[in-house]
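> Predicted model follows, preceded by the sequence.
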Amino acid sequence: MTRRKVRNRVKKKIKPRRSPLVRQFGFAHPICVVANTPAYLYKHLRSRQEVFDVAKSHTSAELMRLLDRLSRRPKGDMSPAPVYVYLAALSFKPSKEIKGFLASYQPEGVKWMPEMRGLVLASAKMSPSTTLSYAQAAPDAGSDYEATFQNFEKVVK
């Protein structure tokens with residue numbers, strides 16, 4: 001075997017293989033490295049379009065299932081970046097759906113989980129509610145406004 005072939009074989013063996021999670025969440029690793037507080041990490045991850053796309057493309061149940069699957073991986077095998085990305089994506093979901101899961105979710109190797117839990121729950125979407133208020137005015141007798149006003153009251157009641 002020539003020297004060139006040996007050199008090529010050595011290069012191929014040394015070349016590290018990147019897992020699909022590392023390729024998918026490569027944008028999050030630099031943020032995780034420079035983050036010195038959980039609030040910084042959360043703010044910068046949540047502002048990324050990739051995290052919003054993850055939230056948009058997965059339901060709450062799917063995100064929780066992915067987080068659960070990540071927590072079952074061996075400790076040395078897991079990078080915390082995907083966990084933080086999925087947690088930031090959960091913050092775009094309704095709080096009623098994620099509250100119970102976050103209360104019990106405690107993965108190993110995720111340094112800022114308690115702080116992230118608080119940040120996610122604080123910014124999770126609240127269930128939509130609409131408050132309708134109007135001032136009651138005395139309509140003129142016999143006007144079109146009077147008929148419309150009475151119909152509006154029937155609909156609201």
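Perfect, I can see it now.
> can you list the weak-confidence ranges in this structure?
Along the chain, the model assigns pLDDT under 70 to residues 1-23, 75-78, 125-157.
> can you pull out the strands in it?
Remark: strands of the chain are absent; assignment by DSSP state E.
> quick one: the helices in it?
In the chain, the segments counted as helices under DSSP state H are 3-14, 20-24, 28-34, 38-46, 49-57, 60-71, 80-90, 95-104, 113-123, 144-156.
> Single out the most deeply packed of the ones you listed.
Between the helices of the chain, helix 80-90 has the highest mean count of neighbours, a mean of 24, where neighbours are mean count of other Cβ atoms under 10 Å. Backbone N, C-alpha and C define where each C-beta goes, glycine included.
> Need the contact partners of it.
Around helix 80-90, the neighbours that count as contacts under Cβ atoms under 8 Å, 6 or more residues apart in numbering are 21, 24-25, 28-29, 31-32, 41-42, 45-46, 50-52, 54-55, 58, 60, 63-64, 66-67, 70-71, 98, 102, 107, 109-111, 116-117, 120, 124.
> Return the residues in contact with the nearest residue to residue 106 once chain neighbours are set aside.
On the basis of Cβ to Cβ, 6 or more residues apart in numbering, the spatially nearest residue to residue 106 that is not a chain neighbour turns out to be residue 113, at 6.3 Å. When contacts are counted by Cβ under 8 Å, 6+ apart, residue 113 touches 105, 106, 107.
> Test my guess that the last one contacts residue 70.
Right, residue 107. Yes. Taking contact to mean Cβ atoms under 8 Å, the distance of 6.8 Å between residue 107 and residue 70 places them in contact.
> For residue 54, give me its contacts.
Shown here is residue 54, whose contacts under the criterion Cβ under 8 Å, 6+ apart are 63, 85, 86, 89.
> Would you mind listing the two of those that lie farthest apart?
Taking Cβ to Cβ as the measure, the contacts of residue 54 span a maximum distance of 9.9 Å, between 63 and 85.
> just the contacts of residue 54 now: which is nearest residue 37?
Compare each of those with residue 37 using Cβ to Cβ and the shortest gap goes to residue 85, at 17.4 Å.
> Please report the distance of that closest one from residue 47.
Using Cβ to Cβ, to the nearest Å, one gets 12 Å for the distance from residue 85 to residue 47.
> Distance of residue 85 relative to residue 40?
Computed as Cβ to Cβ, the residue 85 to residue 40 distance reads 15 Å.
> Apologies, that question was intended for residue 121.
From residue 121 to residue 40 the distance is 18 Å (Cβ to Cβ).
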